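Participant: need a structure here:
(one chain, ligands or ions: 1)
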Amino acid sequence: MGKYFGTSGIREVVNEKLTSELALRVGKALGTYLDGGMVVVGKDTRTSGEMLKSALISGLLSTGVEVIDIGLSPTPLTGFAIRLYGADAGVTITASHNPPEYNGIKVWQPNGMAYTPEMEGELEAIIDSGDFKRAPWNEIGTVRRADPRGKYIKRALKMVELESSYTVVLDAGNGAGSILSPYLQRGLGNKVISINSHPSGFFVRDLEPNAKSLSALAKTVKAMGAEVGIAHDGDADRIGVVDDEGNFVEYEVMLSLIAGYLLRKFGKGKVVTTVDAGFALDDYVKSLGGEVVRTRVGDVAVAEELAKNGGIFGGEPSGTWIIPQWNLTPDGIFAGALVLEMIDKLGPISELAKEVPRYVTLRAKVPCPNERKTKAMEIIAREVLKTFEYKRLIDIDGVRIENDEWWILFRPSGTEPIMRITLEARTEEKAKELMEKAERLVREAIRRA
Ligand code: MG
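Facilitator: Okay, here's the model as predicted:
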């Protein structure tokens, strides 16, 4: 489990754990790891961003690395800039969807893909060792400031084109998406109404895009007679969508719709998703001649699969979408352009959504001390056969068993002392019956672990 990066890194509160001292060390460690070269650095809108960015850049410079400081930047723009400038790495200072007092550091590869847990581990070892490279006075790095927004929009408009113009309400949650997403939508020829788009570091809604946090967006879509509402989390690597009737579109439905649209756009191909995504995607993608491939949970796993084995689209049921023809960085802003293109070609979302099959999804948490997780999972993997009749067992991340009628995923939380159960079935009754059995199995496994 990572200490400074990933989910556990992001949870560190600035004034307690993620201090400017640590950011300095991360900068030194990354410079040592890269041993020269160039790094793009961007941050989201949080009040601690500039402080952490300055410290991180200072660390990078001390090792002789050249820095391109793109300042306030949504994660996908940083990912774009890495490739635009041919950098050796990129860094985003962001806590994604977490509250304003949190922050985190995420590192990216030259191809726009996030650092893998293994690479983060190597960086963490250097941070802990304190054995940093030190450049002599005449080789200390320099900083160049740049704004890649114009190029981002220009390139995006080469890939996405609309025949008509639409009214789009955009809610960036006062996050980093504020400085790019409305402009891309305008570039597409749309009429854009922005709400919550002041990149102030003070958030007026929960940054996690969901039906509750996007109620103002939904109301505005209705009041303005807009065709769609688009929302982002704090660093805009994710997208939440409100349809033309002012309803939040469930993530699973949106995932299916966009995968289906891209299948139509790019022809047949593979759609990559994670083990916690539902059946609707499989059914919908298969009906359009495509194939679904599942990976571990997390955008890095999805990007790795796309980079290794190809595919036309990668997406998680959290609204994190990777469009490999564009970049391997999850990009909620480019995703917004694709959503408009889908509406332009296929019609309003409220109508399209009717094509997507619906299932009943249930989620539960069972308390489980961290030290019992491994043993409990072993017991669950062994005992599922006695409790359930299933066709397939997938154990790439937790244990997922499935049938043509339902699936259940047992997975220990990476950050909390709990076991998660996620399941899906065709009827409410079946879902409840399965959940009862699943919870009993998990409780028993934890007791015996
Ligand atoms: Mg995010």
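Participant: Please parse the protein into its domains.
Facilitator: The chain breaks down into these domains under automatic domain parsing: 16-147, 150-355, 360-448.
Participant: mind putting these in a markdown table, distance to Phe5 and mean neighbour count included?
Facilitator: Where C-beta positions appear, they are placed from N, C-alpha and C, glycine not excepted. Converted to a markdown table, the domains of the chain look like this (distance: least, CB to CB, whole Å; neighbours: other CB atoms under 10 Å):
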| stretch | distance to Phe5 | mean neighbour count |
| --- | --- | --- |
| domain 16-147 | 4 | 20 |
| domain 150-355 | 10 | 21 |
| domain 360-448 | 12 | 17 |
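Participant: got the residues of the chain near the ion?
Facilitator: Proximity of the chain to the ion, by CB under 5 Å from the ion, involves residues Ser96, Asp233, Asp235, Asp237.
Participant: Just the residues you listed: which are in helices?
Facilitator: For these, not one is inside helices, with DSSP state H as the criterion.
Participant: List just the nearest of those residues to Arg411.
Facilitator: Ser96 (20.1 Å; CB to CB).
Participant: From the ion, how far out is Arg447?
Facilitator: From Arg447 over to the ion the distance is 37 Å, taken as CB to the ion, to the nearest Å.
Participant: Which of the helices or strands spans that residue?
Facilitator: helix 428-448 (DSSP states H and E).
Participant: avg pLDDT for that helix?
Facilitator: For helix 428-448, mean pLDDT rounds to 96.
Participant: Quick check: phi and psi at the residue of the chain found nearest the ion.
Facilitator: Using CB to the ion, the single residue of the chain nearest to the ion is Ser96, 3.2 Å away. Per-residue torsions, Ser96: phi 60, psi -110 (degrees, to the nearest 10).
Participant: Check it and give its pLDDT.
Facilitator: pLDDT, Ser96: 91.
Participant: residue contacts, it?
Facilitator: Shown in contact with Ser96 (CB atoms under 8 Å, 6 or more residues apart in numbering): Ile10, Gly104, Leu207, Asp233, Gly234, Asp235, Asp237, Arg238.
Participant: Report the separation between the third one and Ser178.
Facilitator: In this case it means Leu207. According to CB to CB, to the nearest Å, Leu207 and Ser178 sit 12 Å apart.
Participant: do Thr116 as well
Facilitator: For Thr116, the distance to Ser178 equals 30 Å [CB to CB].
Participant: Following element in sequence after the helix-or-strand element of the chain with minimal mean pLDDT, please.
Facilitator: Ranked by mean pLDDT, DSSP states H and E, the weakest helix or strand in the chain is helix 6-10, scoring a mean of 57. Downstream of helix 6-10, the first helix or strand assigned by DSSP H and E is helix 20-34.
Participant: can you map out the strands along the stretch 51-200 of the chain?
Facilitator: 66-72, 89-93, 105-108, 143-145, 167-171, 191-195 (DSSP state E, counting those that start in this stretch).
Participant: how about the ones you listed, which one is nearest Ala218?
Facilitator: For those, proximity to Ala218 was assessed by CB to CB; strand 167-171 is nearest, at 9.0 Å.
Participant: Output the closest one as CSV, restricted to C-alpha atoms.
Facilitator: The C-alpha trace of strand 167-171 is given here as CSV (Å, rounded to 0.1, in the frame of the first residue of the first chain):
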residue,chain,number,x,y,z
THR,A,167,-27.1,24.5,-25.1
VAL,A,168,-24.8,23.0,-22.5
VAL,A,169,-24.8,23.8,-18.8
LEU,A,170,-21.3,23.2,-17.3
ASP,A,171,-20.6,22.7,-13.6
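Participant: Direction included, what does it pair against?
Facilitator: Strand 167-171 has the following strand partners under DSSP bridges: strand 191-195 (parallel), strand 228-231 (parallel).
Participant: Turn the ones you listed into JSON lines, including mean pLDDT.
Facilitator: Shown next, in JSON lines, are these (pLDDT from 0 to 100):
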{"stretch": "strand 191-195", "mean pLDDT": "98"}
{"stretch": "strand 228-231", "mean pLDDT": "98"}
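Participant: Dump the ones you listed to JSON lines, plus distance to Gly86.
Facilitator: What follows is the strands paired with strand 167-171, written out as JSON lines (distance: least, CB to CB, whole Å):
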{"stretch": "strand 191-195", "distance to Gly86": "32"}
{"stretch": "strand 228-231", "distance to Gly86": "31"}
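Participant: For Asp35, find the nearest of these.
Facilitator: Proximity to Asp35, assessed across the strands paired with strand 167-171 by CB to CB, is greatest for strand 228-231 (40.5 Å).
Participant: On the strand side of things, show who the residue nearest the centre of the chain bridges to.
Facilitator: Nearest to the mean C-alpha position of the chain, by CA atoms, centre = their mean, lies Thr320 at 3.7 Å. Beta-bridge pairing of Thr320 under DSSP bridges involves Arg238.
Participant: I'd guessed it sits against Gly240; true?
Facilitator: No: using CB atoms under 8 Å, Thr320 makes no contact with Gly240, being 10.9 Å away.
Participant: Tabulate the CA atom coordinates of stretch 301-312 in PDB.
Facilitator: Once non-C-alpha atoms are left out, stretch 301-312 reads as follows in PDB (Å, rounded to 0.1, in the frame of the first residue of the first chain):
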ATOM      1  CA  ALA A 301      -5.200  -0.700 -14.400                       C
ATOM      2  CA  VAL A 302      -7.500   0.400 -17.200                       C
ATOM      3  CA  ALA A 303      -4.800   2.500 -18.900                       C
ATOM      4  CA  GLU A 304      -2.300  -0.400 -18.600                       C
ATOM      5  CA  GLU A 305      -4.600  -2.800 -20.300                       C
ATOM      6  CA  LEU A 306      -5.300  -0.300 -23.100                       C
ATOM      7  CA  ALA A 307      -1.600   0.300 -23.600                       C
ATOM      8  CA  LYS A 308      -0.700  -3.400 -23.500                       C
ATOM      9  CA  ASN A 309      -3.500  -5.000 -25.400                       C
ATOM     10  CA  GLY A 310      -5.300  -2.200 -27.100                       C
ATOM     11  CA  GLY A 311      -9.000  -1.200 -27.100                       C
ATOM     12  CA  ILE A 312     -11.200   1.600 -28.300                       C
END
